[in-house]
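> Fold the following for me, if possible:
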Amino acid sequence: MKRFLLLICIAFAVVPAGAQRVFSLDDCIRTGLEHNYSIRIIRNEQQVSDNNATPGNAGYLPTVDLSSGFSGTLNNNSNKLSDGTTEKTNGVHNETADVGLNVNWTVFDGLGIQATYDKLKELQNLGELNTRLTIEDFVADLSSEYYNLIRQKIRLRNLRSTLDLSRERLRIVEERYYIGSMSRLDLQQAQVDFNADSSNVLNQLEQVHTSRIRLNRLMALEDVEEQVQIKDSLITPNPFLDEVELWKSTLASNSALLIAKKNQVISELDYKKIKSRNYPYVRLNAGYGYTANWYEVGATDLQRRLGLNYGVTVGINVFDGFNRKREQRNARIQIQNQELRTQELELGLRADMSNFWMAYRNNLDLWSLEKENLVAAQENYRIAIDRYKLGDLSGIELREAQNSLLEAEERQSIAEYSTKICEISLLQLSGKIMDMFHD
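The predicted model follows:
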């Protein structure tokens, strides 16, 4: 028994305030946006998309190459002259050196370059949307865990309050037992109930610890076991959401829907790129260079050339085994599939909105009802404990009143938390989740 009470004392111990940091929801979100690994990774991926969206990567700009080289030959020559004699020269060593600047530029390829550049810009926008989606998911997850930690702490307070009531009951029973007005059975039952409530407190401490660790992990704190404290101690749902406004915002701002529409645009640009191969292409090329040749035989010892070369190439693919037609048919199918995916997603969002809204309104009603029930349960317990002290109520009946009070507190806490989670889900669905963050 002494060891058990010692555990309870340890469980109730509080870490010194100086060793704790206090975080509001905004503080948690701000810290997470700066340090969370998933967000840092997606931002890096967005930077890659930004870097790729350039005219040069699309093919708008010419390519310029500067090259130089040196080569040589060592030959044994044998020349048969017109008079029938043969002239032989062994070990003839010739050398060539060159340096030049070459420019190549595709000025027209059936608007394929333009389609490629437009696709790169759309991929850049898609990267921004993916970053936004990741941030919104993060804010929703962190907010949910923040309020879950509040709920777990509320439950811990309720269980500790219940334990205090059981301790008071045990004190009363012990006093009456020692003066002979209560049986040992009453004392043992009070002790069993006290131990059960103590066990519940210990188990709930574990739940609080687990939720705090999850919150620390989402914020990516260096010390994941840091004893952070949250600023809020109550959950206050917003009862003023409007379903019509939320749905309009969903159609206009939902990140997943915007991504689906962006993928549809990208599919259309892929089709344009393939169609560009039906048209001719025009390519320009030019070069400026210097070449030197050294000869060991002949009338010329050294030949030098410095000059400009240029040209234009016009061509068209006449036949490629019907691959263009096949690729165009497939591209049109991909466009149709993206349209279907967008419509399917919109239908799913409408279903989610309906379900979340129903749950939100239902939990609001439950919250209002459970607040009334809690007042009644508190009054019921006050009457029960007064009657118990007077000896007009048994220990079992007092325990029932105590359990009813705990259950009423738990139901109100669950209704508050469930309403808040529905609120977070509705805001996330409608693209308004960042409204919870006030930077």
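> Can you tell me the SS state at residue 88?
strand (DSSP: H, G, I helix; E, B strand; the rest coil).
> how close does the closest residue to it other than its chain neighbours sit to residue 298?
Spatial nearest neighbour of residue 88, chain neighbours left out: residue 78 (5.1 Å); criterion: C-beta to C-beta, 6 or more residues apart in numbering. In short, each C-beta sits where N, CA and C put it, glycine included. According to C-beta to C-beta, to the nearest Å, residue 78 stands 15 Å off from residue 298.
> quick one, phi psi at residue 285?
Torsion angles at residue 285 (phi, psi; degrees, to the nearest 10) stand at phi -140, psi 150.
> Hmm, it is touching residue 101, no?
No. Contact between residue 285 and residue 101 fails when scored by C-beta atoms under 8 Å: they sit 11.6 Å apart.
> what sits against residue 363?
Applying C-beta atoms under 8 Å, 6 or more residues apart in numbering, we find residue 363 in contact with 237, 415, 418, 419, 422.
> ok, which pair from the residues you listed is furthest apart?
415 and 422 (10.7 Å; C-beta to C-beta).
> Least confident secondary structure element in the chain?
helix 2-11 (a mean of 49; mean pLDDT, DSSP states H and E).
> What's the first helix or strand after that one?
Per DSSP states H and E, helix 2-11 leads on to strand 22-23 as the next helix or strand towards the C-terminus.
> Is the residue of the chain positioned farthest from its centre in a helix, a strand, or coil?
The outermost residue of the chain relative to its centre, with distances by C-alpha atoms, centre = their mean, is residue 83 at 88.3 Å. Here residue 83 is recorded as coil under three-state DSSP.
> wait, residue 90 sits on residue 76?
Yes. Taking C-beta under 8 Å as the definition, residue 90 is a contact partner of residue 76 at 4.6 Å.
> Pull the contacting residues for residue 275.
Residue 275 neighbours (C-beta under 8 Å, 6+ apart): 110, 328.
> Ramachandran coordinates for it?
The phi/psi pair for residue 275 (degrees, to the nearest 10) is phi -70, psi -30.
> ok, it to residue 170 distance?
Per C-beta to C-beta, residue 275 is found 85 Å from residue 170.
> before we move on, what about residue 368?
36 Å.
> what's the answer for residue 59, then?
Counting by C-beta to C-beta, the gap from residue 59 to residue 170 is 83 Å.
> neighbour-wise, which of the two wins?
Between residue 59 and residue 170, counted using other C-beta atoms under 10 Å, residue 170 has the larger neighbour count: 19 against 16.
> Cross-check the contact I'm expecting between the more buried one and residue 192.
No. The criterion here is C-beta under 8 Å, and residue 170 misses it with residue 192 at 10.0 Å.
> So which residue is dead centre in the chain?
residue 134 (2.6 Å).
> And the helices in the protein?
2-11, 25-35, 37-52, 55-58, 112-178, 184-219, 243-253, 255-275, 323-390, 395-429 (DSSP state H).
> which strands and helices sit next to the shortest one?
When contacts are defined as 3 or more C-beta pairs under 8 Å, 6 or more residues apart in numbering; DSSP states H and E, helix 55-58 sits against helix 112-178.
> pLDDT of the helix it packs on, averaged?
Mean per-residue pLDDT for helix 112-178: 96.
> can you state the direction angle for that helix and helix 37-52?
170 degrees (axes from the mean of the first three to the mean of the last three C-alpha atoms, to 10 degrees).
> how distant is helix 112-178 from the center of its chain?
Chain-centre distance of helix 112-178: 15 Å, with C-alpha atoms, centre = their mean, to the nearest Å.
> Could you do stretch 261-279 as well?
29 Å.
> Show the contacting residues for residue 228.
Contacts of residue 228 by C-beta under 8 Å, 6+ apart are 20, 21, 22, 23, 212, 215, 216, 221.
> same thing with residue 236?
residue 416.
> at 10 Å what do you get?
147, 416, 419, 420 (C-beta atoms under 10 Å, 6 or more residues apart in numbering).
> Then residue 86?
Residue 86 neighbours (C-beta under 10 Å, 6+ apart): 78, 79, 80.
> What distance do you get for it to residue 296?
19 Å.
> Check residue 340 too.
Distance from residue 340 to residue 296, by C-beta to C-beta: 75 Å.
> just residue 408 next, same as before
109 Å.
> Residue 347 too?
83 Å.
> Show me which of those two is the more surrounded one.
Legend: neighbour count by other C-beta under 10 Å for residue 347 and residue 296, higher for residue 296 (14 against 10).
> For that one, give me the backbone phi and psi.
phi -90, psi -20.
> pLDDT score assigned to it?
On the pLDDT scale, residue 296 gets 75.
> quick one, what contacts it?
So residue 296 contacts 74, 75, 77, 89, 91, 92, 93, 94, 95 (C-beta under 10 Å, 6+ apart).
> Tell me which of those residues fall in strands.
Assigned to strands by DSSP state E, the following of the contacts of residue 296 qualify: 74, 75, 77, 89, 91, 92, 93, 94, 95.
> Next, count neighbours for the fourth one.
Which is residue 89. The burial count for residue 89: 12, using other C-beta under 10 Å.
> for the last one, same thing?
When neighbours are counted by other C-beta under 10 Å, residue 95 registers 15.
> And it, how far from residue 290?
In terms of C-beta to C-beta, residue 95 sits 14 Å off from residue 290.
> same thing with the fourth one?
Shown here: residue 89 relative to residue 290, a distance of 28 Å by C-beta to C-beta.
> show me what contacts residue 135?
29, 32, 33, 36, 38, 39, 42, 43, 255, 433, 434, 437.
> let me redo that: residue 349
So residue 349 contacts 247, 250, 251, 254, 256, 257, 429, 430 (C-beta under 10 Å, 6+ apart).
> Need the phi and psi values for the fourth one.
Read it as residue 254. Residue torsions, per degrees, to the nearest 10, at residue 254 are phi -60, psi 130.
> Spatially nearest residue to residue 46, not counting backbone neighbours?
residue 127 (4.1 Å).
> Near the one you found, how many other residues are there?
Neighbours of residue 127 (other C-beta under 10 Å): 21.
> same deal with residue 120?
Per other C-beta under 10 Å, the neighbour tally for residue 120 reads 18.
> Pretty sure it sits against residue 55.
Yes. Residue 120 is within contact range of residue 55, at 9.1 Å (criterion: C-beta atoms under 10 Å).
> Test my guess that residue 346 contacts residue 251.
Yes. If you go by C-beta under 10 Å, residue 346 and residue 251 touch, sitting 7.5 Å apart.
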